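Colleague: Sequence first, then the predicted structure:
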Amino acid sequence: MAVNVGNLPGPPGLRVVVVGGGLAGIAAATALHSAGAAVTLLEARRALGGRASSFEDRDGDAGGDAAGGATAAATAGAPLLDNCQHVLLGCCTNLLDLYRRLGVADRITFTPAVRFVNESGKSFLLRATPLLPAPLHLGPSMATFGLLTLAQRAALARGMSAMVRLGPNGLEALEAVSFCEGLYAHGQVAELVRKLYDPVLVSALNEETRRVSSKYAISVFITAMLVNRGGYMMGVPNCPLEQLYGAAATGQTRLNTRMAGLEFRDGKVVGVRLQNGAALPADAVILATNFHNVSKQIPAELAARDRRFHALGGLESVPILGVHLWFDRPVMPYAHAALVRGPLQWLFRKDAAGRQVHGVISAARQWISVNRDDALRQFHAQIKEVLPSARAAALQRGVIVVEKRATFSPLPGAQQFRPAQAPDENGISNLFLAGDYTQTAWPSTMEGAVRSGYLAAEAVLKGMGAGAQKFIVKDLPSEWPARLLRR
């Protein structure tokens, strides 16, 4: 399927093929199209979005008793369900820029408060105080944050103070240090980790708090909570994910189109072969597929001299579980909940009444082989504990989706395995990479994926002699108290 959405003349003769229609590929193609390049975006699925995608619910009326499963071959016209709930924060400046470029920024609903819910169903809100700059903006709310004891709040304040005082060099020096070591060095006790650090970091990094690199864990708190009062604001799409990316302005988008391989000549890529036998000539190609597939597309002799392909095997994949649950009555009175005890870590209301609920488990390794019915029983039991209105409700149906290779794990030392978007002097000069696994200074998030696409687009224009252009949007500025502390 080909969708023409523009015919801008590009930089003289510059034809770019982007392989992969996830967020990284969409960002790269959209940026290059805006610069006037002739771009073709290839996506093997029926819709754009990659891991941030939707599927058709074949049992779509939400009735019945059986536990359903995700399928791409669902009934035409059936309701759309997201693979997993995707959430962004106000600090995701490049993702928000992409939404503006796509004309869908109004489809993100932001909330001024983050709701934590304990195992007995009691809520605790974390919100900014009007007019107070960061990092003071969350202070009054944290001072009365009843989820934590006074001692735990004091320990948290010490930990946040140590984080905000880290400069870029100090942060980079912690890349190979586990966050577990840094936490307990600053007196962050186990109960504080369970109640606050885990709900924030496990969902943000898709990895267990004790395992992640200190650099990435601390970066989450610095960018989201400690330098700009708008960084923590949580945004949730108010439509299926598929509808966010359907209008990607890339020049030409080909859905349901699989690449058979790359064509090389004299050490350069000259085009893309499709599985239907067609060939697309290209002056430059961006591979925006996951890191497991990238190396398979490169001849061994070319990969041997391109250092970007040498260490990809060092990256580890981590799964995410998402579950859609339908009840016979309204059960969820609020839009979201960060749960301080599992198995489900976050809940989201998916309809106005609160009958349809979506739950998420990040770093879901132990859930890959769990029987679906057993999992649904555990989820139902947990929801009855944390949502009082669910205690008399019957679970009508559940759909579980496990994304086995959702993200790479931001373990200590993982940075050494992440490739650049552009080749070095010995690499394949007109082959570029995009994906959240590449070097973005961010972990494996939607923001990281978009940054990788923008960086790849910048590298294409520069490397192909089409001029220097910047697409990367700067981080939110540090407000004055944070600036003083960081000095």
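Modeller: The structure has been received and is ready for your questions.
Colleague: Quick check: bridge partners of residue 236?
Modeller: Residue 236 has these beta-bridge partners by DSSP bridges: residue 109.
Colleague: wait, it sits on residue 109?
Modeller: Yes. With the criterion set as Cβ atoms under 8 Å, residue 236 and residue 109 qualify as a contacting pair; they are 5.7 Å apart. Where C-beta positions appear, they are placed from N, C-alpha and C, glycine not excepted.
Colleague: got any residues that touch both of the two?
Modeller: Each of residue 335 lies in contact with both residue 236 and residue 109 under the rule Cβ atoms under 8 Å, 6 or more residues apart in numbering.
Colleague: Compare the two (neighbour count), which wins?
Modeller: residue 236 (17 against 12; other Cβ atoms under 10 Å).
Colleague: Please determine how far the more buried one is located from residue 108.
Modeller: Here residue 236 is placed at a distance of 7 Å from residue 108 (Cβ to Cβ, to the nearest Å).
Colleague: can you count the residues close to residue 380?
Modeller: Quick note: residue 380 (other Cβ under 10 Å) scores 17 neighbours.
Colleague: Please name the nearest non-neighbouring residue to it.
Modeller: residue 395 (4.7 Å; Cβ to Cβ, 6 or more residues apart in numbering).
Colleague: Next, the contact list for residue 350, please.
Modeller: Contacts of residue 350 by Cβ under 8 Å, 6+ apart are 324, 356-358.
Colleague: Correction: the previous question concerned residue 425.
Modeller: Contacts here follow Cβ under 8 Å, 6+ apart; on that basis residue 425 touches nothing.
Colleague: for it, helix, strand, or coil?
Modeller: Assigned by DSSP: H, G, I helix; E, B strand; the rest coil, the conformation of residue 425 is coil.
Colleague: State the pLDDT value of it.
Modeller: The per-residue pLDDT reported for residue 425 equals 94.
Colleague: Next one: it from residue 465, what distance?
Modeller: Residue 425 is 16 Å from residue 465, where distance means Cβ to Cβ.
Colleague: before we move on, the earlier item: would a markdown table of the contacts of residue 350 with neighbour count be doable?
Modeller: Putting the contacts of residue 350 into a markdown table (neighbours: other Cβ atoms under 10 Å) gives the following:
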| residue | neighbour count |
| --- | --- |
| 324 | 23 |
| 356 | 21 |
| 357 | 26 |
| 358 | 21 |
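Colleague: Wait, a helix at residue 321?
Modeller: No. Using three-state DSSP, the assignment for residue 321 is strand, not a helix.
Colleague: OK, contacts around it?
Modeller: Contact criterion Cβ under 8 Å, 6+ apart gives 84, 360-361, 364, 367, 400-403 as the residues in contact with residue 321.
Colleague: Name the residues linked to it by a beta bridge.
Modeller: On the basis of DSSP bridges, residue 321 is bridged to residue 361, residue 402.
Colleague: Okay, it and residue 344: tell me how far apart.
Modeller: Following Cβ to Cβ, the distance that separates residue 321 from residue 344 is 9 Å.
Colleague: Need the overlap of contacts for these two.
Modeller: Where contact means Cβ under 8 Å, 6+ apart, the residues bridging residue 321 and residue 344 through contact with each are 360-361.
Colleague: got the contact list for residue 127?
Modeller: Contacts for residue 127 were tallied using Cβ under 8 Å, 6+ apart; they are 112-114, 138, 141.
Colleague: Tell me where the model's unsure across the stretch 151-300 of the chain.
Modeller: Within the stretch 151-300 of the chain, the set of residues satisfying pLDDT under 70 comprises 184-186, 247-251.
Colleague: gap between the closest residue to residue 324 other than its chain neighbours and residue 353?
Modeller: Setting aside the residues directly before and after it, residue 324 is nearest to residue 399 in space (Cβ to Cβ, 6+ apart), at 4.3 Å. Distance of residue 399 to residue 353, computed by Cβ to Cβ: 18 Å.
Colleague: Same check on residue 161?
Modeller: To residue 353, residue 161 is 43 Å away according to Cβ to Cβ.
Colleague: cool, and residue 413?
Modeller: With distances taken as Cβ to Cβ, residue 413 is found 47 Å from residue 353.
Colleague: Give me the distance from stretch 383-403 to the chain's centre.
Modeller: For stretch 383-403, the distance between its averaged C-alpha position and the chain's averaged C-alpha position is 25 Å (Cα atoms, centre = their mean, to the nearest Å).
Colleague: farthest residue from the center of this protein?
Modeller: Farthest-out residue of the chain from its mean C-alpha position, per Cα atoms, centre = their mean: residue 266, at 37.1 Å.
Colleague: Give me the distance between that one and residue 272.
Modeller: Counting by Cβ to Cβ, the separation of residue 266 from residue 272 is 17 Å.
Colleague: can you pull out the helices in the stretch 151-300 of the chain?
Modeller: Here the stretch 151-300 of the chain has its helices, by DSSP state H, counting those that start in this stretch, at 168-172, 179-185, 190-192, 198-205, 214-221, 241-245, 291-294, 300-305.
Colleague: what about those helices, which gets the closest to residue 97?
Modeller: Proximity of these to residue 97 was assessed by Cβ to Cβ; the nearest stretch is helix 241-245, lying at 13.7 Å.
Colleague: The helix or strand in which residue 456 is found packs against which elements?
Modeller: When elements are defined using DSSP states H and E, residue 456 is found to belong to helix 446-463. On a contact count with 3 or more Cβ pairs under 8 Å, 6 or more residues apart in numbering; DSSP states H and E, helix 446-463 meets helix 23-34, helix 93-102, strand 284-287, strand 431-433.
Colleague: what mean pLDDT does the shortest one have?
Modeller: This means strand 431-433. Taken as a whole, strand 431-433 has an average pLDDT of 98.
Colleague: Residues touching it, excluding its own?
Modeller: For strand 431-433, using Cβ under 8 Å, 6+ apart, the contacting residues are 262, 268-269, 284-288, 294, 298, 306, 308, 419-423, 452, 456, 459-460, 463.
Colleague: If we use 6 Å, what do you get?
Modeller: Outside of strand 431-433, the residues that reach it under the criterion Cβ atoms under 6 Å, 6 or more residues apart in numbering are 269, 285-287, 419, 421, 456, 459-460.
Colleague: cool, stretch 93-103 as well?
Modeller: Around stretch 93-103, the neighbours that count as contacts under Cβ under 6 Å, 6+ apart are 27, 30, 88, 105, 247, 446-447, 450-451, 473.
Colleague: Check the offset of that stretch from the chain's centre.
Modeller: Between the mean C-alpha location of stretch 93-103 and the chain-wide mean there is a distance of 14 Å, by Cα atoms, centre = their mean.
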